[in-house]
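> Quick one, what's the 3D model for this:
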Amino acid sequence: MTPDERIDRIRGDHWIAFDRATIVLNRLTSLMEMPQQSRMPGLMVYGSSGIGKTMIAKRMASKYPTQYNAELGVTKTPILLVQAPPAPDERRFYQHILSTIGAPMWGRHTVSELEVRALSHLRDMDLKMLMIDEVHNLLAGSYREQRRFLNMLRFLNMLRFLSNDLCASLVVFGVNEALEAVRGDDQLARRLDEHYLPLWEDDVEFSRLIQTLIAAMALEQRSGLTVGSLRTILKVTGGVTSRVFIMIKSLAIEAIETGEERITDEAVQSWQPVWAKHAWNIPRQPAAAFR
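Residues are numbered from 1 along each chain as shown. Alright, predicted model coming up:
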């Protein structure tokens, strides 16, 4: 590959596996492989913005793509990933589901009509998992609106009662604030196990993440960063996964463009974050040191 091709690949949106994400994906895969039962379990994945929730959701959906059977003329979709609308509105949510699966309903329809149509399509799709990203969007607004949407989430998780051949797990992704709202509904909380994605800390796990990311950059020389550089990366990024990815990718591109072909301690110390002008800051608690 030419240097430009390597840089384009680094800038591309391709999957880079790391331990935390693999653990969540394994849990989701276990849900997919679970046999039908009277009570299908679900999962809530939560953490700070930029911690990697959407990245994981998209990766999981890509592992189970939609398949079209030309002989039967039917489309099977094992996993449906939808983003929650920006307001807790049932009508908009059902319309979003129908639009995502390519079956929009034009004109004005009641919530009940949209619900019946959406459930009919979900049955035909042989759906096994419904994933809702940015679920905290639907918890905004008045108390009545929040309770209404939580009722809808319970309903979605109970799709198994509507058809003998449909058994779907509900998986939701949201920020920390969404957790307390979900816990406030006993029925929904009992159906959703919880998986927390914390900010990265000064420990061996973070060191492994950096090593994994640098290895994925496919630089020609080994980048032997010191503990001091790892701590600098942690401080600059605030332990937010998306910012860690941005920083390592930027440093890798710089290494290719300069011909250095490795990320050096000097490059880490001199790197200027693109978000610095926004005075972005996350208060951090003291963490264990690298060992």
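
> going forward, measure contacts and count neighbours with C-alpha atoms only.
Fine.

> any idea how far Tyr94 lies from Glu115?
Tyr94 sits 6 Å away from Glu115, going by Cα to Cα, to the nearest Å.

> neighbour-wise, which of those two wins?
Tyr94 (23 against 18; other Cα atoms under 10 Å).

> Quick check: that one vs Trp15, distance?
30 Å.

> Check Ser242 too.
13 Å.

> Look up which helix or strand Leu80 falls in, please.
Using DSSP states H and E, Leu80 maps to strand 79-83.

> rewinding a little: more neighbours, Ser242 and Trp15?
Ser242 (14 against 11).

> all helices for the stretch 101-250 of the chain, in order.
In the stretch 101-250 of the chain, the segments counted as helices under DSSP state H, counting those that start in this stretch are 111-124, 143-157, 176-183, 186-191, 204-216, 227-237, 241-258.

> Of the ones you listed, which shows the lowest average pLDDT?
Ranked by mean pLDDT, those end with helix 143-157 at the bottom, a mean of 56.

> And Ile256, how far from Asp4?
9 Å.

> Just want to know which of the two has more residues nearby.
Neighbour count, other Cα under 10 Å: between Ile256 and Asp4, Ile256 has more, with 19 against 12.

> For that one, give its distance to His195.
Counting by Cα to Cα - Ile256 and His195 are separated by 37 Å.

> Hmm, Leu225 is touching Asp265, no?
Yes - Leu225 is within contact range of Asp265, at 5.8 Å (criterion: Cα atoms under 8 Å).

> still on that earlier bit, Serialize the helices of the stretch 101-250 of the chain to CSV and add fields for distance to Met44.
Converted to CSV, the helices of the stretch 101-250 of the chain look like this (distance: least, Cα to Cα, whole Å):
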stretch, distance to Met44
helix 111-124, 21
helix 143-157, 12
helix 176-183, 8
helix 186-191, 9
helix 204-216, 22
helix 227-237, 25
helix 241-258, 19
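
> so which of these comes closest to Arg27?
helix 186-191 (14.8 Å; Cα to Cα).

> Which elements pack onto that closest one?
Contact analysis of helix 186-191 by 3 or more Cα pairs under 8 Å, 6 or more residues apart in numbering; DSSP states H and E lists helix 143-157, helix 176-183 as its packing neighbours.

> Run the chain-centre distance for it.
A distance of 21 Å separates the centroid of the chain from that of helix 186-191, by Cα atoms, centre = their mean, to the nearest Å.

> OK, contacts around the closest residue to Arg91 other than its chain neighbours?
Nearest residue to Arg91 in three dimensions, chain neighbours excluded: Val111, at 5.4 Å (Cα to Cα, 6 or more residues apart in numbering). Residues near Val111 by Cα atoms under 8 Å, 6 or more residues apart in numbering: Glu90, Arg91, Tyr94.

> Distance-wise, check the closest residue to Ser242 other than its chain neighbours relative to Val175.
Spatial nearest neighbour of Ser242, chain neighbours left out: Gly50 (5.2 Å); criterion: Cα to Cα, 6+ apart. Separation of Gly50 from Val175 (Cα to Cα) stands at 9 Å.

> So for those two, which residue has more residues nearby?
It is Val175, of Gly50 and Val175, that has more neighbours when counted by other Cα under 10 Å, with 21 against 16.

> Quick check: the more buried one touching Tyr46?
Yes - in this structure, Val175 is within contact of Tyr46 by Cα under 8 Å, at 5.2 Å.

> Go through the contacts of Val111 and flag which are in helices.
Using DSSP state H, the subset of those located in helices is Glu90, Arg91, Tyr94.

> Now distance to Arg39 and pLDDT too, for those, in CSV please.
As requested, the ones in helices among the contacts of Val111 are exported to CSV (distance: Cα to Cα, whole Å; pLDDT from 0 to 100):
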residue, distance to Arg39, pLDDT
Glu90, 24, 76
Arg91, 27, 80
Tyr94, 23, 83
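
> Noted, bye for now.
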